[in-house]
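Engineer: This is a predicted model, with the sequence first.
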Amino acid sequence: MKKSVNRISQLWLLVCLCCISMLWVCCNTPKTSLENDFDAIKARGELRVLTLMGSTSYFYYKGEARGYEYEVVKQFADDNGLSLKVIVAANEGMLMQMLQDTVADLIAYDVPIIGNSREQLLYCGPEKICEQVLVQRNDNPVADVVELVGKDIYVEKGSKYEQRLIRLNNELGGGINICVFENDSVVTEDLIDMVADGKIDYTLADANLARMGRTYYSNLDIYVKVSFAQRMQWAVRKDCKYLAQAVDEWIAQPHVIKRIEEIGNRYFEKSKKMSESSIMS
């Protein structure tokens, strides 16, 4: 009887030792390629990118995809042997939601770097520093933000512009009429068009986007700043640190920096008025 008990005890000891050994091996074995998020993307062969439709981000011209963000992220995909799948979100708010829902791997659009978003996002890629401005017609423009009290200002629902207007309204003690477009298909460039056409009087836009709008509409005034300069980059989910790292390492290469500057000059060069033909060249 004692021998049976001893044998059972020995077997249990052996089982425990085996389990401990297997656990040690699992914990100390290097991650396989599929546990690295960027290696998993490369194994899939496709990079899924979220962006918005717009003249500086993504659009079609004569059947070809164009846009600053598109051209830069396409270079990254090409250099890593990946096909590119572009998914267009309806608005800025949907960009974040769709990323968290794992619809895509990367947001290739200017995402503001703000404190609370750091809890959910990793920022990477080309960095821009830009302020928000008031877009209005130049026939009777306001000269200062304090003159916005009592005015109707139209912005996209859930956008950074709505958030800025709410803060600005609080800073001024109230009185700004914040008019939010509920239509998911309305983006900032649509609102700029509406200001130029006289359908609405005011909206907000990033300065680079407003400058682009003014190249098409000479009746726009875009000189009243409504925010301090803000840093903006692409973004990935917190669990995609290897993708973020790959993007940052790629973008730091001298030949890539030169290519991105060339792309940027066609879309954002300040020293000239850009026409559609200059962007397409």
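Structural biologist: Here it is on my side, so go on.
Engineer: in the protein, which spans are strands?
Structural biologist: Per DSSP state E, the chain has strands spanning 46-51, 59-61, 64-66, 83-88, 106-112, 121-130, 132-137, 152-156, 177-181, 203-206, 220-225, 230-237. These are given in chain order.
Engineer: between these, which one is nearest to Gln97?
Structural biologist: Between Gln97 and the strands of the chain, the shortest separation by Cβ to Cβ is 9.9 Å, and it involves strand 46-51. For glycine as for every other residue, the C-beta is placed from the backbone atoms N, C-alpha and C.
Engineer: would you put the C-alpha positions of that closest one in CSV?
Structural biologist: Coordinates of the C-alpha atoms in strand 46-51 are reproduced here as CSV (Å, rounded to 0.1, in the frame of the first residue of the first chain):
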residue,chain,number,x,y,z
GLU,A,46,-1.9,43.8,-47.0
LEU,A,47,-1.9,47.0,-45.0
ARG,A,48,-5.4,48.3,-44.2
VAL,A,49,-5.5,52.1,-43.8
LEU,A,50,-8.2,54.4,-42.6
THR,A,51,-8.5,58.0,-43.9
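Engineer: I'd like to check the angle between it and strand 83-88, please.
Structural biologist: Calculated by axes from the mean of the first three to the mean of the last three Cα atoms, to 10 degrees, strand 46-51 forms an angle of 30 degrees with strand 83-88.
Engineer: List the buried residues in stretch 242-259.
Structural biologist: Of the residues in stretch 242-259, those buried by neighbour count under the rule 16 or more other Cβ atoms under 10 Å are Tyr242, Leu243, Ala244, Gln245, Ala246, Val247, Asp248, Ile251, Val256, Arg259.
Engineer: Can you give the distance of it from its chain's centre?
Structural biologist: Relative to its parent chain, stretch 242-259 has a centroid offset of 17 Å by Cα atoms, centre = their mean, to the nearest Å.
Engineer: Please verify my assumption that Phe38 contacts Glu249.
Structural biologist: No. In this structure, Phe38 is not within contact of Glu249 by Cβ atoms under 8 Å, at 10.4 Å.
Engineer: confidence score at the residue most central in space within the chain?
Structural biologist: Taking Cα atoms, centre = their mean as the criterion, Tyr109 is the residue nearest the geometric centre of the chain, at 3.2 Å. What the model reports for Tyr109 is a pLDDT of 93.
Engineer: what's the closest non-adjacent residue to it?
Structural biologist: In space, not counting the residues next to it along the chain, Tyr109 is nearest to Thr51; the distance is 4.8 Å by Cβ to Cβ, 6 or more residues apart in numbering.
Engineer: Number of residues surrounding that neighbour?
Structural biologist: Look at Thr51: counted by other Cβ atoms under 10 Å, it has 23 neighbours.
Engineer: Ok, the one 3 residues further on next?
Structural biologist: Neighbourhood size, Gly54 [other Cβ under 10 Å]: 19.
Engineer: Val187 now?
Structural biologist: Residues lying near Val187 (other Cβ under 10 Å) number 22.
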